[in-house]
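Engineer: Here is the input, now give the coordinates:
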Amino acid sequence: MSWALDAILAVPLAAVAISLLAGWRVARLASVIAAAITFALTIAIAIKVAHGDSITTAHAWIRIDSLGAVFLLATGLLYAMAAVFSIGYLAADQARPAFDAFTRRYWALLNLFAWTMVLVPLAADFGTLWVAVELTTIVSALLVAIDRTDAAIEASWKYVLIASSGLGIALLATIVLYAAGTHDFGGAYVPRITRFLSHGSGLSKDAVDLAFVLALVGFGTKVGLVPMHTWLPDAHSEAPAPVSAMLSGSLLAGALYAILRFFQVAVVVGEAQFAERVLIVFGLLSVGVAALFVLRQRNYKRLLAYSSIEHMGVIAVGIGFGAPLASAGALLHVITHASAKGLAFLGSGSLLRGYDTKEVDGVSDAGRRMPWTGPMFLAAALALCGLPLSGVFRSEFQIVVGGLGRGGGFVDTGAALLLVFVNLAFFGIVWHAGRMVLKAGVVESADKDEGGGESAAGAAVGERSVWMVAGMLGCLFVSVALGLHLPGDLQALLSNAGHRLRVP
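Structural biologist: Numbers count the residues shown, from 1 in each chain. All right, here's what the predicted structure looks like:
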């Protein structure tokens with residue numbers, strides 16, 4: 001099935017070329033088709049590797065196994081939903097000058113961004129993995145700044161500076177790991193991930209520990225782990241909403257995937273406990289700090305950005321707990337968070353188009369004035385808080401139960417703190433989202449303006465596009481479906497991927 005890997009890399013690139021060469025309507029059609037094909041291919045690949053197989057192509061430079069397939073699924077889902085949503089989202093800008101050039105540039109960058117994120121879990125060696133993560137930074141920074149406002153350009157510049165600094169540290173981690181392998185693998189070799197996992201037991205433990213910590217700090221900058229998170233709220237709040245969804249649900253997870261590959265090497269050399277404790281500490285710090293910031297946010301896109309930091313911390317803690325149930329729950333959380341946060345950010349984009357503000361206090365009564373967006377935005381908030389029957393509830397429940405079941409003072413304390421911080425974030429997110437959707441606002445005039453879209457007080461009336469609603473519904477369906485039932489192939493995929501983390 002190597003053809004599927006070739007296709008999943010070729011299809012987004014073909015859409016990039018079409019977007020640059022054709023008109024914006026053709027670019028839009030090509031991008032949506034490419035996103036749908038990519039999502040279908042991610043599902044097919046995941047089913048193929050669910051029971052332990054791996055697929056390679058390009059002379060073994062490209063490889064996917066069950067662990068990579070989990071992250072590939074998150075990317076495929078958000079690429080498809082963001083592409084559908086973008087049709088309606090961009091329609092609001094048709095009056096802007098040079099709309100055709102702007103739209104074609106947007107579609108080209110969106111497809112290229114998806115291609116770079118697909119490449120991350122397909123990289124077969126640590127060098128290519130680092131290059132792929134660096135490529136995601138370059139392309140996503142251009143998307144953050146695509147509106148060319150002062151705030152967007154400043155956020156993009158800050159993102160490039162901090163993320164590139166972090167990736168410089170991640171490159172050092174790759175070099176340290178490569179140097180550690182020269183004794184066993186020779187002075188010149190390709191640092192294949194499988195080589196380290198199969199024959200790396202004799203590597204220096206100190207060198208591997210150092211490489212893991214450097215990778216955690218370096219790639220953790222892209223993940224948004226505290227205290228390396230400072231770029232994230234600005235970038236997520238200024239990027240177009242579909243881009244924010246992909247940044248949160250796929251980009252952050254892709255960088256976390258890179259950390260997990262270093263984690264596997266630490267397990268191979270017998271340093272699993274050290275690596276787990278480091279993950280728990282950074283994860284809890286991220287969840288705790290993010291929960292506090294969630295409580296005081298007044299910008300709803302920044303609110304969702306801090307929620308992303310929280311959930312990346314939850315995944316890190318779940319892996320750190322070390323129990324099979326917790327590991328499977330953490331990997332499931334990659335997908336459930338992608339669906340719920342995708343819905344939330346797409347919902348924020350719809351609210352922004354309707355109310356023309358990013359401030360929580362500027363949005364009221366959205367449940368009535370935007371009858372699809374309002375309820376779905378509230379549903380996203382409840383899902384992110386772990387509402388029972390949502391996918392996030394299932395994954396977080398597995399993480400906590402797995403941690404408590406493993407036992408041990410350090411792990412038990414971590415599980416208790418995780419519960420406290422997650423509940424703290426729950427109150428903040430539900431409070432702000434509830435006010436936006438359920439609270440009736442004061443409207444000076446109930447008369448509609450000449451366009452029929454807004455009242456004199458700026459109160460949104462009606463949905464802006466059926467395409468935007470469709471993108472949100474897709475994310476909502478996945479989030480609820482994963483809460484109600486896990487398909488057998490997905491259960492097998494998560495179980496096998498969790499096993500690979502411990503027994504490569």
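Engineer: quick one: L225 is in a strand?
Structural biologist: No: L225: not assigned to a strand; according to DSSP: H, G, I helix; E, B strand; the rest coil it is coil.
Engineer: burial count for it?
Structural biologist: L225 is flanked by 30 other residues according to other Cβ atoms under 10 Å. Any C-beta I mention is one placed from the backbone N, CA and C, and that applies to glycine too.
Engineer: and it, how far is that from T116?
Structural biologist: 21 Å (Cβ to Cβ, to the nearest Å).
Engineer: got it, and G329?
Structural biologist: Counting by Cβ to Cβ, the gap from G329 to T116 is 28 Å.
Engineer: Comparing the two, which residue is more hemmed in?
Structural biologist: For G329 versus T116, neighbours defined as other Cβ under 10 Å are more numerous around G329 (28 against 22).
Engineer: In terms of helices and strands, where is the closest residue to K439 other than its chain neighbours?
Structural biologist: The spatial neighbour of K439 that comes closest, neighbours along the chain excluded (Cβ to Cβ, 6 or more residues apart in numbering), is S364 at 5.1 Å. S364 is located outside every helix and strand, with elements delineated by DSSP states H and E.
Engineer: isn't S364 right up against H432?
Structural biologist: No: counting by Cβ atoms under 8 Å, S364 sits too far from H432 to count as a contact (11.9 Å).
Engineer: tell me what the top helix by length along the chain is packed against?
Structural biologist: Scanning the chain for the helix with the most residues, using DSSP state H, yields helix 150-185. The contact analysis (3 or more Cβ pairs under 8 Å, 6 or more residues apart in numbering; DSSP states H and E) places helix 150-185 against helix 126-144, helix 193-199, helix 205-223, helix 232-238, helix 252-268.
Engineer: Give me the nearest residue to the residue sitting nearest the centre point of the chain, chain neighbours excluded.
Structural biologist: In the chain, the residue lying closest to the centroid (Cα atoms, centre = their mean) is G249, at 2.0 Å. Once flanking residues are discounted, G249 sits nearest to A338: 3.4 Å by Cβ to Cβ, 6+ apart.
Engineer: got it, and V243?
Structural biologist: L143 (4.6 Å).
Engineer: Give the burial count for that neighbour, as a bare number.
Structural biologist: When neighbours are counted by other Cβ under 10 Å, L143 comes out with 24.
Engineer: That one against P242, yeah?
Structural biologist: No: under the criterion of Cβ under 8 Å, L143 is not in contact with P242, lying 9.2 Å apart.
Engineer: okay, and the common contacts of these two?
Structural biologist: L110 (Cβ atoms under 8 Å, 6 or more residues apart in numbering).
Engineer: mind listing what's buried in the one helix or strand D6 maps to?
Structural biologist: Using DSSP H and E, D6 maps to helix 2-21. Within helix 2-21, the residues that qualify as buried are 4-5, 7-9, 11-12, 14-16, 18-19, counting by 16 or more other Cβ atoms under 10 Å.
Engineer: What residues of the helix or strand following it count as buried?
Structural biologist: Per DSSP H and E, the first helix or strand lying C-terminal to helix 2-21 is helix 24-49. For helix 24-49, a neighbour-count test (16+ other Cβ under 10 Å) marks 24, 27-28, 30-32, 34-43, 45-49 as buried.
Engineer: One more: stretch 218-234?
Structural biologist: So for stretch 218-234, counting by 16+ other Cβ under 10 Å, buried means 218-226, 228-229, 231-234.
Engineer: How much space separates P324 from A95?
Structural biologist: Taking Cβ to Cβ, one finds P324 at 55 Å from A95.
Engineer: and if you look at I43?
Structural biologist: Taking Cβ to Cβ, one finds I43 at 38 Å from A95.
Engineer: what residues does stretch 193-206 touch?
Structural biologist: Contacts of stretch 193-206 (Cβ under 8 Å, 6+ apart): 63, 124-126, 129, 177, 180-181, 183-185, 189, 208, 261, 264-265, 268-271, 504.
Engineer: count of neighbours near the residue nearest to R464 when sequence neighbours are not counted?
Structural biologist: Once flanking residues are discounted, R464 sits nearest to R353: 4.7 Å by Cβ to Cβ, 6+ apart. Neighbour count for R353, taken as other Cβ under 10 Å: 22.
Engineer: was I right about R353 contacting Y89?
Structural biologist: Yes: here R353 reaches Y89: they are 7.0 Å apart, a contact under Cβ under 8 Å.
Engineer: okay, and the common contacts of those two?
Structural biologist: By Cβ under 8 Å, 6+ apart, the residues touching both R353 and Y89 are M468.
Engineer: After the helix or strand where A82 lies, which helix or strand is next?
Structural biologist: Per DSSP H and E, A82 falls inside helix 66-91. Next helix or strand after helix 66-91 toward the C-terminus (DSSP H and E): helix 99-122.
Engineer: What number of residues are in the vicinity of the closest residue to R28 other than its chain neighbours?
Structural biologist: The shortest distance from R28 to any residue other than its chain neighbours is 5.9 Å, reached at I87 (Cβ to Cβ, 6+ apart). Neighbourhood size, I87 [other Cβ under 10 Å]: 19.
Engineer: check contacts around I87.
Structural biologist: 28, 32, 465, 467.
Engineer: again, but for Y79
Structural biologist: 12, 35, 38-39, 114, 117, 246, 250.
Engineer: looking at it, I319 is touching F263, isn't it?
Structural biologist: Yes: between I319 and F263 there is a contact at 7.0 Å, judged by Cβ under 8 Å.
Engineer: May I ask which helix or strand encompasses the closest residue to E396 other than its chain neighbours?
Structural biologist: Residue nearest to E396 in three dimensions, not counting chain neighbours: G386, with 4.9 Å by Cβ to Cβ, 6+ apart. Here G386 sits in a region with no helix or strand, counting by DSSP H and E.
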